[in-house]
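Q: Coordinates for the following, if possible.
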Amino acid sequence: MIGETERDAEPRLSQKKVSATVISVALVAFGLFVAHQGYLIGQDQSSYARVGPQVFPYMVGAGLVIVGVLLSIDALKGTWPVMWAETADEHALSRPAYWRQLSNVGLVALGLVVNAFLIAPLGFVVSSTLMFALTTRAFGSRRIPFDLAVGAMFSGFIFLCFTYALGLPLPSGTIWGAR
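A: The predicted structure follows:
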């Protein structure tokens, strides 16, 4: 005979399985999309190179698919709950901790969107610095000037390495008059 607490726990476990499974399936789909885009890149290239530009999208796509499959196994077992996407009970929406977790996910997403929209006009260094500061804020940092300085150092170093050491120019921004 199923007790009262076991009956209440079953819907929560299925809710955990659903939210985690949706995220893991989306990750697998994204990995397949990245691999397909790598395949399309490879069609435009000549066949004389053994290692072409499609190798890295294949590696990233395969990694995303593997991680997505492993996460879906954990999701189906019920051992990987998505903390910000599910509630433990019906009163959890009123708890400040739940909304704080959800706003942290939103800050990371906002950082990615800000980076995507500002990389062309402001350049790689400025947009990546802002993304870094928003992400550190989501992880609990309250030192905005320090985070901006560290983000500027990291993104500046990456910009210099790609642009000058590797010869792969990153966007420097159109507002500054650079191309």
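Q: the domain parsing of the protein - what is it?
A: Split into domains by automatic domain parsing, the chain comes to 1-86, 87-179.
Q: Mean pLDDT lowest where, among these?
A: Here the lowest mean pLDDT among the domains of the chain goes to domain 1-86, at a mean of 76.
Q: Save the domains of the chain as TSV, and put in mean neighbour count too.
A: Bear in mind the C-beta positions are built from the backbone N, C-alpha and C, glycine included. Shown next, in TSV, are these (neighbours: other Cβ atoms under 10 Å):
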stretch	mean neighbour count
domain 1-86	14
domain 87-179	15
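Q: what about residue 104, helix or strand, and which?
A: Residue 104 belongs to helix 96-122 when assigned by DSSP states H and E.
Q: for that helix, packing partners?
A: Counting contacts by 3 or more Cβ pairs under 8 Å, 6 or more residues apart in numbering; DSSP states H and E, helix 96-122 packs against helix 124-138.
Q: and after the helix it packs on, which helix or strand comes next?
A: helix 144-160.
Q: Does anything pack onto that following helix? Which helices or strands?
A: helix 124-138.
Q: Keeping just the C-alphas, turn the helix it packs on into CSV.
A: The C-alpha coordinates for helix 124-138 follow below in CSV (Å, rounded to 0.1, in the frame of the first residue of the first chain):
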residue,chain,number,x,y,z
PHE,A,124,34.9,41.7,-28.7
VAL,A,125,36.7,43.1,-25.7
VAL,A,126,33.9,45.4,-24.5
SER,A,127,31.1,42.9,-25.1
SER,A,128,32.9,40.0,-23.5
THR,A,129,33.8,42.1,-20.5
LEU,A,130,30.1,42.9,-20.0
MET,A,131,29.2,39.2,-20.4
PHE,A,132,31.9,38.2,-17.9
ALA,A,133,30.6,40.8,-15.3
LEU,A,134,27.0,39.6,-15.7
THR,A,135,28.0,36.0,-15.3
THR,A,136,30.1,36.6,-12.2
ARG,A,137,27.2,38.6,-10.8
ALA,A,138,25.0,35.5,-11.4
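Q: okay, the angle between the helix holding residue 104 and helix 144-160?
A: Going by axes from the mean of the first three to the mean of the last three Cα atoms, to 10 degrees, helix 96-122 is angled at 40 degrees with respect to helix 144-160.
Q: what's the angle between helix 96-122 and helix 124-138?
A: Helix 96-122 runs at 180 degrees relative to helix 124-138, counting by the same axes, to 10 degrees.
Q: distance between helix 96-122 and the chain's centre?
A: Centroid displacement of helix 96-122 relative to its chain, using Cα atoms, centre = their mean, to the nearest Å, is 10 Å.
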